[in-house]
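Peer 1: All I have is the shape, not the residue letters:
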């Protein structure tokens, strides 16, 4: 019984030594400020690499849905060395979306590939343009916020009533107001002003 207590005390002392060593190691590690600056440098490096890869890539639109990577490779092989071909697919169904990205080894190959704009592959006319780099913050919500509703302000999403307008976009009131009145469909006549 006494030996069991001594072995437990010895184990606890060993754990305490390990904790002290871990604590001293963490004090020797760089601070969070230096880690954040390292993270910013890594992010800047990744951004630069992404820009460089995008400058060597082209967007190919109007791709036939049954087109394969090998067929695109054969079509664009004359432009230069191809690093990667990505045919974009729907994430839920897995069906192709009808466009692809091709990454070349050199920027000169991109210029050659753009010359293949309006060429046909599987009876479809391809649209080939240099790939643009996505800019963060320019998603759907940002584009929508830049172009708000152009009507009167403070309407909370509804257009204010502006009276009768003889413009071609004014539809006026239709004669049928909906509802079932029994029997056959009979549109209600529009109400007319009657002098009394």
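Peer 2: Arrived safely. Nothing here was measured: the structure is a model prediction, and the numbers come from that model.
Peer 1: What is the least confident helix or strand in the protein?
Peer 2: helix 140-146 (a mean of 59; mean pLDDT, DSSP states H and E).
Peer 1: What are the boundaries of the helices in this protein?
Peer 2: In the chain, helices defined by DSSP state H lie at 2-28, 32-55, 69-76, 107-114, 140-146, listed in chain order.
Peer 1: Let me know which of these is the nearest to residue 123.
Peer 2: Closest approach to residue 123 among the helices of the chain (C-beta to C-beta): helix 69-76, 12.3 Å. In short, each C-beta sits where N, CA and C put it, glycine included.
Peer 1: State the mean pLDDT of that closest one.
Peer 2: In this model, helix 69-76 has an average pLDDT of 96.
Peer 1: what's the angle from it to helix 107-114?
Peer 2: With axes from the mean of the first three to the mean of the last three C-alpha atoms, to 10 degrees applied, the angle from helix 69-76 to helix 107-114 works out at 90 degrees.
Peer 1: quick one on the thing from earlier: want to try a markdown table for the helices of the chain, with distance to residue 123 and mean neighbour count as columns?
Peer 2: Below are those laid out as a markdown table (distance: least, C-beta to C-beta, whole Å; neighbours: other C-beta atoms under 10 Å):
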| stretch | distance to residue 123 | mean neighbour count |
| --- | --- | --- |
| helix 2-28 | 65 | 9 |
| helix 32-55 | 30 | 11 |
| helix 69-76 | 12 | 16 |
| helix 107-114 | 20 | 17 |
| helix 140-146 | 33 | 9 |
